[in-house]
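> kindly generate the corresponding structure for this input.
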Amino acid sequence: MLWRLNKRGMAAGIAASAMLIGLSGCLPRYDAAGEAKAYETAPICCRSPAEFPFEPLWSRLITTGDDIDADSPFFEFADGKSPFRAYALPDGQGPLRLRVQSAYLPNPWHETRALLPLVTSLDRDKRVIGTTPHTAIEFGRDGPYVDINVGGPAEGTRYIVVHTAPFLTDSPFTRPSIPNTRINLSGDPFAGQGSYFGRVTILKR
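Numbers count the residues shown, from 1 in each chain. The predicted structure follows:
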């Protein structure tokens with residue numbers, strides 16, 4: 001009987017481990033020490049946004065998950081040094097409403113971390129038009145996000161740059177929770193804090 005109980009306990013432990021692996025998927029796990037070291041040692045990539053490596057944001061206007069991590073370029077933005085991803089809007093595209101969202105990094109049993117996204121808009125000559133304020137960041141069940149309007153006749157955005165700011169990595173937030181899940185039976189919100197790194201998705205609204 002004791003052997004059976006132990007066997008069941010082992011099976012439960014294996015199942016719990018499998019659940020954690022399934023929850024994390026392909027998302028990078030948060031590594032505080034590794035992130036801090038990578039941030040401190042990363043060089044500034046460019047003298048100005050004109051030198052940024054831009055990726056085309058295809059006419060379908062969706063990215064399925066682009067990592068901002070230690071291998072990303074870093075730049076000294078107005079709010080401080082940050083890794084980033086830079087995108088060129090499709091040519092001939094009219095006004096757009098986009099949602100720039102980052103994912104909560106897998107850490108289901110502890111305080112969650114996430115890149116709190118800022119979006120800097122650039123004109124056709126890659127000059128800065130402006131940056132979304134940190135107060136525009138909202139927190140959904142899938143991740144923190146900011147909605148932006150770009151491409152209007154008087155607005156002039158041709159490129160967008162997704163990044164964060166050093167002060168946001170110390171910013172606590174409340175992550176909504178889906179009730180009655182295995183990781184949070186109560187449905188109470190999770191505590192969270194900003195991160196330099198994360199995975200970004202861009203959607204047309």
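> wait, residue 162 sits on residue 82?
No. At 9.6 Å, residue 162 does not count as touching residue 82 under the criterion of Cβ atoms under 8 Å. Every C-beta, even on glycine, is put in place using the N, C-alpha and C of the backbone.
> mutual contacts of these two, please.
residue 118 (Cβ atoms under 8 Å, 6 or more residues apart in numbering).
> can you count the residues close to residue 193?
18 (other Cβ atoms under 10 Å).
> for residue 192, that is, sorry about that
So residue 192, with other Cβ under 10 Å, has 21 neighbours.
> need the contact list for it.
Counting by Cβ under 8 Å, 6+ apart, residue 192 touches 104, 111-114, 139, 172-175.
> mind picking the lowest-pLDDT entry from these?
Among the contacts of residue 192, residue 111 has the lowest pLDDT, at 65.
> middle-most residue in the protein, spatially?
Among the residues of the chain, residue 102 comes closest to the average C-alpha position under Cα atoms, centre = their mean, at 2.6 Å.
> and that one, what is it in contact with?
Counting by Cβ under 8 Å, 6+ apart, residue 102 makes contact with 68, 114-117, 143-145, 198-201.
> can you rerun that using 6 Å?
114-115, 117, 143-144, 198, 200 (Cβ atoms under 6 Å, 6 or more residues apart in numbering).
> go on, residue 121?
By Cβ under 6 Å, 6+ apart, the contact set of residue 121 is 129-130, 157, 160.
> give me the sheet partners of the strand or helix carrying it and which way each runs.
Element membership of residue 121, judged by DSSP states H and E, is strand 118-122. When pairing is defined by DSSP bridges, strand 118-122 lines up against strand 128-131 (antiparallel), strand 159-163 (antiparallel).
> chain center to it: distance?
With Cα atoms, centre = their mean, to the nearest Å as the basis, strand 118-122 stands 14 Å off its chain's centre.
> ok, back up a step: which among the contacts of residue 121 count as buried?
157, 160 (16 or more other Cβ atoms under 10 Å).
> residue 143: neighbour count?
22.
> now flag whichever of the contacts of residue 121 is closest to residue 53.
Residue 53 has its nearest neighbour among those in residue 160, at 13.7 Å by Cβ to Cβ.
> quick one: contacts for that closest one?
Residue 160 neighbours (Cβ under 6 Å, 6+ apart): 87, 119, 121.
> list the beta-bridge partners for it.
Note on residue 160: beta-bridge partners residue 87, residue 121, judged by DSSP bridges.
> need the pLDDT of it.
Per-residue confidence (pLDDT) for residue 160: 95.
> return the backbone torsion pair for residue 165.
Main-chain torsions, residue 165, degrees, to the nearest 10: phi -140, psi 150.
> okay but it is in contact with residue 78, surely?
No. Contact status for residue 165 versus residue 78: not in contact, 8.6 Å apart, counting by Cβ atoms under 6 Å.
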